[in-house]
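Asker: next comes the sequence, and after it the predicted model I'd like to discuss.
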Amino acid sequence: MNSLVVLGATGSIGRQALEVASRLGMEVVGLAARSASDGLAELASAYPNARIVAADPQPEAADAFRTRFGDRFRHGPDALVELGTVEGATVVNGVVGAAGLRASLAALAAGNRLALANKESLVAAGPLILEAAEAGGGELLPVDSEHSALFQCLIGEDSDDVLRLVLTASGGPFRGRSREDLVEVKAVDALAHPTWKMGPRITIDSATMVNKGLEVIEAHFLFQMAYDKIDIVVHPQSIVHSLVEFVDGSLKAHVGEPDMRVPIQYALTYPRRSVGVADSFAMAGVTLEFFEPDRSAFPALDLAYAAGRAAGTAPAMFNAADEVAVEAFLEGQIGFLDIPAVIESVLSRIEALPVVDVGGVMAADAEARRVARDLIGSR
Ligand code: MG
């Protein structure tokens, strides 16, 4: 339990996981990133016992890494997947996008603990992730702050006693704006997020509330809860990380300063806790607000519920269509409200199929991307 593999090591989650791990005294045995970058080289030097993987490097950069790090270094998508299977390791998966899916499956099938920050794994292939965990005996621990909150609120409870899960949403930079107000917003406006610091895709996903939609689907699989029992509340302060309401009217909430290192650490130390980075929470004078989400300004929410209920490959297509639409928005090719419009069109044009294997999920993902690009191109 004391050895750690970090997939997506140079990203925000990966770096925070390494910081937490060093405080916990865990041994870092594997580090993976997409490219053979300077950032990965620095980590390779800082962790001389770790195996190093670049999933998709430039050939020259891969050669330079091989010269410098020898047998410790491997590259290619299979090397990334294999790193997740290091015996007895806790695997943090902070890889962005669908590339993280096979690594998640392999880690769980190998019986490892998977600290999952890669949303696509559960969204696109929830049934496969649950099967892999069951078959391999791997443990699935959420890293996302909302899901860590729900996970902690559910400990010791019977799922029959749960009335609903309530995911909190900061509301993003456009909270309070009407649909009309959102027509003209640009990428720079969306990239200024009020409370959490994140990468560009997740920041846009937070502005459209696609991110919250993806989190609803994640929660459905993680906690095996019907969509009717998962709600969203807008909570601008991001102090309450999520809540569980029980049939007797009791509510449990997970509360604290927004700091991703806290849920990351919990995923590594569960079921124990360890002294962390967070200062004692100064609650005097703190005001907490809660609002209903505006489903007309943020139609991605209802689209996510619809994709979740359609099941099969629909959530994978929702995710893929969004990824393409966000890229187009960042490049100024489409407007802000076109992001959910593209997702909706893609979902209405392609029939969802049952999720049976990774190949089927990837095919649905590719088809959704193709249709999304066509729609964007014809605008
Ligand atoms: Mg979150």
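Answerer: Nice, I can see it.
Asker: and the helices in the stretch 151-300 of the chain, which stretches?
Answerer: Secondary structure of the stretch 151-300 of the chain (DSSP state H, counting those that start in this stretch): helices located at 179-182, 187-190, 200-208, 210-222, 261-269, 300-310.
Asker: how about those, which one is nearest the ion?
Answerer: helix 210-222 (5.6 Å; CB to the ion). In this view, the C-beta of every residue, glycine as well, is placed from N, C-alpha and C.
Asker: list the buried residues of stretch 330-347.
Answerer: Judged by neighbour count using 16 or more other CB atoms under 10 Å, the buried positions of stretch 330-347 are 330, 334-347.
Asker: now the strands: where do they sit in the stretch 151-300 of the chain?
Answerer: Taking DSSP state E, counting those that start in this stretch, the strands of the stretch 151-300 of the chain run over residues 162-169, 230-234, 240-246, 251-255.
Asker: can I get the ones you listed in JSON lines with distance to the ion?
Answerer: Shown next, in JSON lines, are the strands of the stretch 151-300 of the chain (distance: least, CB to the ion, whole Å):
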{"stretch": "strand 162-169", "distance to the ion": "8"}
{"stretch": "strand 230-234", "distance to the ion": "12"}
{"stretch": "strand 240-246", "distance to the ion": "8"}
{"stretch": "strand 251-255", "distance to the ion": "12"}
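Asker: ok so, going back, pick the most buried one from the helices of the stretch 151-300 of the chain.
Answerer: Neighbour counts (mean count of other CB atoms under 10 Å) averaged over each of the helices of the stretch 151-300 of the chain peak at helix 210-222, with a mean of 26.
Asker: just the pLDDT for Pro194.
Answerer: According to the prediction, Pro194 has pLDDT 55.
Asker: and for the one 5 residues further on?
Answerer: What the model reports as pLDDT for Gly199 is 69.
Asker: please renumber the chain so that the first residue is 794 from this point on.
Answerer: Let's use 794 as the start, then, which means that last one is Gly992.
Asker: and Ala1121, how many neighbours?
Answerer: 21 (other CB atoms under 10 Å).
Asker: can you tell me the element it falls in?
Answerer: helix 1107-1123 (DSSP states H and E).
Asker: that helix packs against which elements?
Answerer: In terms of contacts (3 or more CB pairs under 8 Å, 6 or more residues apart in numbering; DSSP states H and E), helix 1107-1123 is packed against helix 912-929, helix 980-983, helix 993-1001, helix 1003-1015, helix 1093-1103, helix 1131-1142, helix 1151-1170.
Asker: quick one on the thing from earlier: would CSV of the helices of the stretch 944-1093 of the chain with distance to Asp951 be doable?
Answerer: What follows is the helices of the stretch 944-1093 of the chain, written out as CSV (distance: least, CB to CB, whole Å):
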stretch, distance to Asp951
helix 972-975, 41
helix 980-983, 41
helix 993-1001, 33
helix 1003-1015, 17
helix 1054-1062, 22
helix 1093-1103, 24
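Asker: now for the chain, the helix or strand with the poorest mean pLDDT.
Answerer: helix 980-983 (a mean of 86; mean pLDDT, DSSP states H and E).
Asker: what does it rub up against?
Answerer: Here helix 980-983 makes contact (CB atoms under 8 Å, 6 or more residues apart in numbering) with Gly965, Pro966, Phe967, Thr996, Ile997, Ala1000, Phe1122, Leu1123, Gly1125, Phe1129.
Asker: gap between the spatially most central residue of the chain and Glu924?
Answerer: Nearest residue to the geometric centre of the chain (CA atoms, centre = their mean): Lys912, 3.0 Å. Here Lys912 is placed at a distance of 18 Å from Glu924 (CB to CB, to the nearest Å).
Asker: same deal with Ser815?
Answerer: 34 Å.
Asker: got it, and Leu1036?
Answerer: The spacing between Leu1036 and Glu924, counted by CB to CB, is 29 Å.
Asker: then Ala1103?
Answerer: Distance from Ala1103 to Glu924, by CB to CB: 20 Å.
Asker: with Leu1168 instead?
Answerer: With CB to CB as the criterion, Leu1168 and Glu924 are 33 Å apart.
Asker: neighbour count winner among those two?
Answerer: Leu1168 (21 against 15).
Asker: that one contacts Glu1137, correct?
Answerer: No. Between Leu1168 and Glu1137 there is no contact under CB atoms under 8 Å: 10.1 Å.
Asker: and stretch 920-931, what's buried?
Answerer: In stretch 920-931, counting by 16+ other CB under 10 Å, buried: Leu921, Ile922, Leu923, Ala925, Ala926, Gly929, Gly931.
Asker: now, which of those residues sits nearest the ion?
Answerer: Ile922 (17.6 Å).
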